[in-house]
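>>> I need the structure of the sequence given here:
(2 chains)
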Amino acid sequence: DGGITQSPKYLFRKEGQNVTLSCEQNLNHDAMYWYRQDPGQGLRLIYYSQIVNDFQKGDIAEGYSVSREKKESFPLTVTSAQKNPTAFYLCASSIDGGNEQFFGPGTRLTVL
Amino acid sequence: EDKVVQSPLSLVVHEGDTVTLNCSYEVTNFRSLLWYKQEKKAPTFLFMLTSSGIEKKSGRLSSILDKKELSSILNITATQTGDSAIYLCAVAGSNTGKLIFGQGTTLQVKP
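Next comes the predicted model:
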């Protein structure tokens, strides 16, 4: 089955720790995206990548980092510099940028 | 700055009612407008509207793009409790490779 997977489903972190959220797709899509969603709000773009070994900052990149070493994988690291990291994180991919995006099931991160 | 605004932000209706959700945008070099439905987790794709496809319909859901008014509406007729969700509007512009999302409209359909 083709699709996007994210892990873990739930993640708890202590303040001051870095954590990495996984996103994998087997749709052979070139573009991948990371969004953050806070309660009652829409999606805000953190980082995106249109091709392997290249990525761009989105609207709220501060305190986050990404890598795109393989086409299938786009991990997101939430660093200790992110002041308010508790949120729902969604990964998406598309054949190319600007078209329909397919979303993973999300990771809910809670900072204790 | 590119912007997408949805209204209303929340809406409560009863089963059988018809609802209209609005999305307006200011985007450089508009390419497409997309509607998504988000129930618990991942948003699921509903429609994509472009200059060559300004009206889409699927069952009780339909959507129209008004390029002159820079807006779109999503209509749901004969609503059911299963339509309760957040409805997201997103727009692609220029060749930036990204979508710009609105805040979403939270729809609650009561029995």
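>>> okay, residue A:53: pLDDT?
pLDDT recorded at residue A:53 is 94.
>>> does it really touch residue A:68, like I thought?
Yes: contact criterion C-beta atoms under 8 Å: residue A:53 and residue A:68 qualify, at 6.1 Å. C-beta: built from backbone N, CA, C; applies to glycine.
>>> Could I get the contacting residues of residue B:44?
Counting by C-beta atoms under 8 Å, 6 or more residues apart in numbering or on different chains, residue B:44 touches A:103, B:36, B:37, B:38.
>>> let's see 6 Å
By C-beta atoms under 6 Å, 6 or more residues apart in numbering or on different chains, residue B:44 lies in contact with residue B:37.
>>> Which residues of chain A lie near chain B?
A:41, A:42, A:43, A:48, A:50, A:97, A:98, A:100, A:103, A:105, A:106 (C-beta under 6 Å from any C-beta of the partner chain).
>>> The same query, at a cut-off of 7 Å, please.
Proximity of chain A to chain B (C-beta under 7 Å from any C-beta of the partner chain) is limited to residues A:31, A:33, A:41-43, A:45, A:48, A:50, A:90, A:97-98, A:100-101, A:103-106.
>>> Among the residues you listed, name the buried ones.
For the residues of chain A next to chain B, a neighbour count by 16 or more other C-beta atoms under 10 Å in any protein chain shown gives the buried set as A:31, A:33, A:42-43, A:45, A:48, A:50, A:90, A:97-98, A:100-101, A:103-104, A:106.
>>> Comparing residue A:53 and residue A:68, which residue is more hemmed in?
residue A:68 (19 against 10; other C-beta atoms under 10 Å in any protein chain shown).
>>> And the more buried one, how far from residue A:85?
Residue A:68 is 21 Å from residue A:85, where distance means C-beta to C-beta, to the nearest Å.
>>> Count the neighbours of residue A:20 for me.
13.
>>> just checking, it touches residue A:73?
No: the criterion here is C-beta atoms under 7 Å, and residue A:20 misses it with residue A:73 at 11.2 Å.
>>> so what's residue 30 up against?
All of this refers to chain A. Residues near residue A:30 by C-beta atoms under 7 Å, 6 or more residues apart in numbering or on different chains: A:50, A:51, A:95, A:96.
>>> actually it's chain B I care about, not the one you picked
B:91, B:93.
>>> mind checking pLDDT for it?
The model's pLDDT for residue B:30 equals 89.
>>> same thing with residue A:43?
Value for residue A:43, per-residue pLDDT: 92.
>>> Chain B: strands as residue ranges?
B:3-7, B:10-14, B:19-26, B:30-38, B:44-49, B:55-58, B:61-66, B:71-76, B:85-93, B:99-101, B:105-110 (DSSP state E).
>>> what is residue B:19 paired to in the beta sheet?
Going by DSSP bridges, residue B:19 is paired in beta bridges with residue B:76.
>>> ok, residue 4 - how many residues close by?
In the absence of a named chain, this looks at chain A. Neighbour tally, residue A:4, other C-beta under 10 Å: 23.
>>> My question was about chain B, not that one.
Neighbours around residue B:4, by other C-beta under 10 Å: 22.
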